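[1] Here is the input, now give the coordinates:
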Amino acid sequence: MRNDLKRRLRAVEIARSGGVEMWVEQEDGMVRSLDNEQIVTREEAEARARLTRSILIFCSETEARL
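    Take a look at the predicted model:
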């Protein structure tokens, strides 16, 4: 996970994207933002990221607590 995160953060700097969005995968197949404000499907999160040129990072509930 840590190497993947480093790689993605470097990609953000290089591409000058719209930033990084972290989403937590839930057991029901939905994803939620770290601040629990948005709960959407993974496909919806990916579509939003394409519009804003953001890089997505998906993590499990356990990883989000670390």
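
[2] Could you tell me which residues make contact with residue 26?
    Residues in contact with residue 26, defined by Cβ atoms under 8 Å, 6 or more residues apart in numbering, are 32, 39, 61. Any C-beta I mention is one placed from the backbone N, CA and C, and that applies to glycine too.

[3] In contact with the closest residue to the second one other than its chain neighbours, which residues?
    The one in question is residue 39. What sits nearest to residue 39 in space, not counting adjacent residues and going by Cβ to Cβ, 6 or more residues apart in numbering, is residue 32, at 4.6 Å. Taking Cβ under 8 Å, 6+ apart as the criterion, residue 32 is in contact with 23-24, 26, 38-40.

[4] Before we move on, what's the pLDDT of residue 32?
    With respect to pLDDT, residue 32 scores 93.

[5] Tell me what it is bridged to.
    For residue 32, the beta-bridge partners under DSSP bridges are residue 24, residue 39.

[6] Can you pull the poorly scored residue ranges out of this protein?
    Judged against pLDDT under 70, the low-scoring parts of the chain cover residues 1, 12-17.

[7] Thanks a lot, see you next time.
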